[in-house]
Structures are given as C-alpha cells and as structure tokens.
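> Could you work out the structure for the sequence below:
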Amino acid sequence: MLSLEEQLELRQNLFLEKQLLYLIGDPEDLTTVWEKLANQFQKKTWANKLELRQNLFCLRLKNGESAQEHVKAMIEEFEALSVIGDPISEEDHAVHLLASQPDSYKMLVPAFEANVVLTFKVVTEKSIHEERKLKE
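Numbers count the residues shown, from 1 in each chain. Here you go, the predicted model:
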C-alpha cells in the first residue's frame, strides 16, 4: 500500500481530469490505476467493438482534406480496436486506407495490384504523394 504522500504524488503525475479522480480511488500502484481506467474506458464488449468498427468504416478522405490527418484518424481507430482485443492485420490496415480514399485517388488501386505485399506504410506514402499531385 502506498503512503499518503506517494498517493498524492501519483495523482499529481497522472495528469487526469479532476472529475476522473474518483475512478482511481486510492491507488496502490500505476498498474492498478491503468487497469481501473482501462476497465472504465476500454471495455472489451461486442458493442464497443461494433462502435469502433463502425467508426473505422465511416472514415472517408474527402477531396481537399489532409491525407496525413486521415491516416492519423485511421491509426487511432486501429489502436483502439487493438487495445480492446480486436486487432486488425497490417494488410487490412492498407485495405481500409485504400477503401477510404476518394474517387480521385482510385488510380492507386491498380498500382498496388502488382505489389505482392500491401502495407499500410506504402499506401500511406502513396496517398500523401497523390494528395500533393492533386494540389499542384
């Protein structure tokens, strides 16, 4: 059990919103804090998986929007799914990114068909390159 001084220091170092402190109570250690927060906000229920998958499927890059911001949003959804025990394969990362592209990017798909290994990194690089070309 942590001393009162250690508990206060732990709470100060967590950078939690004050209204969330009730969730952690009197923590014994950082692992306990993490588990309590994960149980509250990263529930491994099918409903949570469904919501995260729907968020992922609804992500669409619109013409004129930043490809980098779009990729960042996709990565956040992939990570959220992974945290709750529903990871998506590297190849599916790439497929989701390609599927979320606007029609003006569709010429990328045939370019990837010859590629034996489709990776998220390669699709990201090509998408950002395509965005630059379209802006010119």
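> Grab the most central residue of this structure for me.
Nearest residue to the geometric centre of the chain (CA atoms, centre = their mean): residue 76, 1.4 Å.
> which residues touch the helix or strand harbouring it?
Element membership of residue 76, judged by DSSP states H and E, is helix 67-83. Outside helix 67-83, the residues that touch it by CB atoms under 8 Å, 6 or more residues apart in numbering are 38, 42, 49, 52-53, 55-56, 59, 61, 87-88, 93, 96-97, 100, 124, 127-128, 130-131. (C-beta placed from N, C-alpha, C; glycine too.)
> 6 Å instead?
Identification of contacts with helix 67-83 by CB atoms under 6 Å, 6 or more residues apart in numbering yields 42, 52, 55-56, 59, 61, 88, 93, 97, 124, 127-128, 131.
> For PyMOL, what selects the buried ones among those residues?
In PyMOL, this line selects whichever of these come out buried by 16 or more other CB atoms under 10 Å:
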select buried, resi 52+56+59+61+88+93+97+124+127+131
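> From the contacts of helix 67-83, which land in helices?
Counted as lying in helices by DSSP state H, out of the contacts of helix 67-83, are 52, 55-56, 93, 97, 124, 127-128, 131.
> re the thing from before, in the helix holding residue 76, what's buried?
67, 70-71, 73-74, 77-78, 80-81.
> List the buried residues for stretch 112-126?
Within stretch 112-126, the residues that count as buried by 16+ other CB under 10 Å are 118, 120, 123-124, 126.
> ok, so of those residues, who is nearest residue 135?
The shortest approach to residue 135 among the buried residues of stretch 112-126 belongs to residue 126, at 15.1 Å (CB to CB).
> Name the nearest residue to the closest one, ignoring sequence neighbours.
Of all residues not flanking residue 126 in the chain, residue 108 sits nearest, at 5.5 Å (CB to CB, 6 or more residues apart in numbering).
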